[in-house]
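A.B. asks: I need the structure of the sequence given here:
(one chain, ligands or ions: 2)
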Amino acid sequence: MNPADTIMAVSSPPGQGQRALLRLSGPSARALARLESCQPGCHRVRLAVQGGTLPAIAVIAHGPASYTGDDVVELLVPGGDAGLAHLQETLIQEAEARAVALRQAEPGEFTARAYLNGRIDLLEAEGIAEAIRAESDSHLRAARLMSDGGLGSVALELVDSLTHLTAMVEAGIDFTDQEDVVAIANDALEARLADLVAGLDRRLEGTTSIERIESVPRVVLAGPANAGKSSLFNALLGSERTVVTAVEGTTRDVVTESLLLETPDGDLEILLSDVAGFEAVNEGTDPRIARAMQAGAREAVERADLVVRCTAPGQELASLAEGIPVLDVATKGDLSPVGVSGHVVSVVDGTGVRELADLIADRLGARSNVLGSGMLALTHRHRTVLDRSMDAMVRARMLVLEAGEGVMPPAELIAACLRDGLDALGELVGRVTPDQVLEHVFARFCIGK
Ligand SMILES: Nc1nc2c(ncn2[C@@H]2O[C@H](COP(=O)(O)OP(=O)(O)OP(=O)(O)O)[C@@H](O)[C@H]2O)c(=O)[nH]1
Ligand SMILES: [Mg+2]
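C.D. replies: Ligands and ions are numbered 1, 2, ... in the order given. Next comes the predicted model:
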């Protein structure tokens, strides 16, 4: 990641579209696009490309007041891959002619530059990566809290307290010959460390893992046509979301909605899908539509974390591939339940619907994946670093306690522990960050960001 290079990357999805975006960052970004004279802002321009010109909207930001901290040029050009390929080819030729370094950006390199140029800290960078990956509201909120300093302020508060304490302990080592410098007394040091450990412990209790927040289980209601799947789907959602009729083959598309299930651990968000009945035979349905309905249903079932297999009285159990987690439900429980096994429900009298929600949550592990208010979601890296700093504080406290009353604890050892704690916290916000930590953080990004 040589910061002297100018980097470029396509930052719009691949394929045909109305406009595509090429992003450049680095010392030669403006020169290579032949936009040196443009002021920061948005400009309508014509870019010279092989065999003609390309109309474009150029968004220009001069470093250091840009996303990356370097000069940034974003070129919005019409069409898709072909136009972008021509434009990139022209820029590469221009770089060769001017003998400047231009290359494709690595994943996350734009954000890595923002971090290296001091535009953002490491937690903000991680928050940006999480926001890009977020598929649920909860995940997006967790990402914002990461970026907007929720975790950063916890870390900085702790850094302040530990720095202060370290300074007081080190005063006893470095300035023992100076009368006006007094090292902290044992009992005061022990009490401060106990406070810090208890405070961090409380903070860690109010956290969850980002992995937990980002996993939203998929639950599919499947079974033969007319089993009452759509009726049950609507009953679980508490709204008339999908069409219900007595006609077999009513549901054609896969309909998916987010649903919150209550668990003792907090809310569990799931994606609940209603699909076409297996082998639905509705006379008059075009065979191509029937095939598409079956393919959609089977695909949803294959991707499911749990299939709620619905069977109405008189129907055969739908056969499912081995290994798919299944919860059997006997629908239309208000009618005579002849030979149907499983949890009994009826949408007519409401039997078993609430209990079914609890059963689904149980089968999925009944652990909340929704970020409660005041909670922080931590990545594995955050958790490891906070655990390390906690460890260091506990070790320092043990040294004080072991020294006993009236006996001075070894100040150098205590200071070394406190410094370990500070180093760990420094890694959290990126003040002291080994290269492998940086590589790990930015490897989670896509190219073009
Ligand atoms: N008595 C009774 N009828 C029900 C119940 N649930 C659904 N039905 C009726 O069964 C018929 C089919 O219901 P749907 O919910 O459309 O069944 P489905 O499994 O979605 O059917 P397809 O979409 O065609 O595969 C409708 O006439 C419903 O009113 C129930 O609990 N009790
Ligand atoms: Mg249906």
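
A.B. asks: every contact and neighbour count from this point should use C-alpha atoms.
C.D. replies: Will do.

A.B. asks: Ala4 against Gly26, yeah?
C.D. replies: Yes - counting by CA atoms under 8 Å, Ala4 does reach Gly26; the two are 7.0 Å apart.

A.B. asks: show me the domain layout of the protein.
C.D. replies: Structurally, the chain divides into domains by automatic domain parsing as follows: 6-116, 133-210+375-429, 216-363.

A.B. asks: between these, which gets the lowest average pLDDT?
C.D. replies: The stretch with the lowest average pLDDT out of the domains of the chain is domain 133-210+375-429, scoring a mean of 83.

A.B. asks: follow-up on the earlier one: out of the domains of the chain, which gets nearest to Asn369?
C.D. replies: Evaluated over the domains of the chain, closeness to Asn369 peaks at domain 216-363, with 5.2 Å, by CA to CA.

A.B. asks: the closest one and ligand 1, are they touching?
C.D. replies: Yes - counting by CA under 6 Å from any ligand atom, ligand 1 is contacted by domain 216-363 at 225-231, 244-251, 276-277, 331-335, 346-348.

A.B. asks: from these, which would you call buried?
C.D. replies: For those, a burial check counting by 16 or more other CA atoms under 10 Å picks out 225-231, 244, 248-251, 276-277, 331-333, 346-347.

A.B. asks: and Ala4 and Gly26? Which one has more around it.
C.D. replies: Shown here are Ala4 and Gly26; by other CA atoms under 10 Å, Gly26 has more neighbours (24 against 13).

A.B. asks: quick check: closest non-adjacent residue to that one.
C.D. replies: Excluding the flanking residues, the one nearest Gly26 by CA to CA, 6 or more residues apart in numbering is Thr6, at 4.1 Å.

A.B. asks: ok, Leu140 touching Ile128?
C.D. replies: No - contact criterion CA under 8 Å: Leu140 and Ile128 do not qualify, at 9.8 Å.

A.B. asks: can you pull the residues that touch both of those two?
C.D. replies: Contact criterion CA atoms under 8 Å, 6 or more residues apart in numbering; residues shared by Leu140 and Ile128: none found.

A.B. asks: give me the residues contacting stretch 155-166.
C.D. replies: Stretch 155-166 has contacts (CA under 8 Å, 6+ apart) with Leu189, Leu196, Ala415, Leu418, Arg419, Gly421, Leu422, Leu425, Gly426, Leu428, Val429.

A.B. asks: 6 Å - rerun?
C.D. replies: Ala415 (CA atoms under 6 Å, 6 or more residues apart in numbering).

A.B. asks: give the buried residues for that stretch.
C.D. replies: Buried residues in stretch 155-166 (16+ other CA under 10 Å): Ala155, Leu156, Leu158, Val159, Leu162, Thr163, Leu165, Thr166.

A.B. asks: format those residues as a markdown table; extra columns: secondary structure and distance to ligand 2.
C.D. replies: Shown next, in a markdown table, are these (DSSP: H, G, I helix; E, B strand; the rest coil; distance: CA to the ion, whole Å):
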| residue | secondary structure | distance to ligand 2 |
| --- | --- | --- |
| Ala155 | helix | 51 |
| Leu156 | helix | 54 |
| Leu158 | helix | 55 |
| Val159 | helix | 57 |
| Leu162 | helix | 61 |
| Thr163 | helix | 63 |
| Leu165 | helix | 65 |
| Thr166 | helix | 66 |
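
A.B. asks: tell me which residues touch Pro325, please.
C.D. replies: Contacts of Pro325 by CA under 6 Å, 6+ apart are Leu306.
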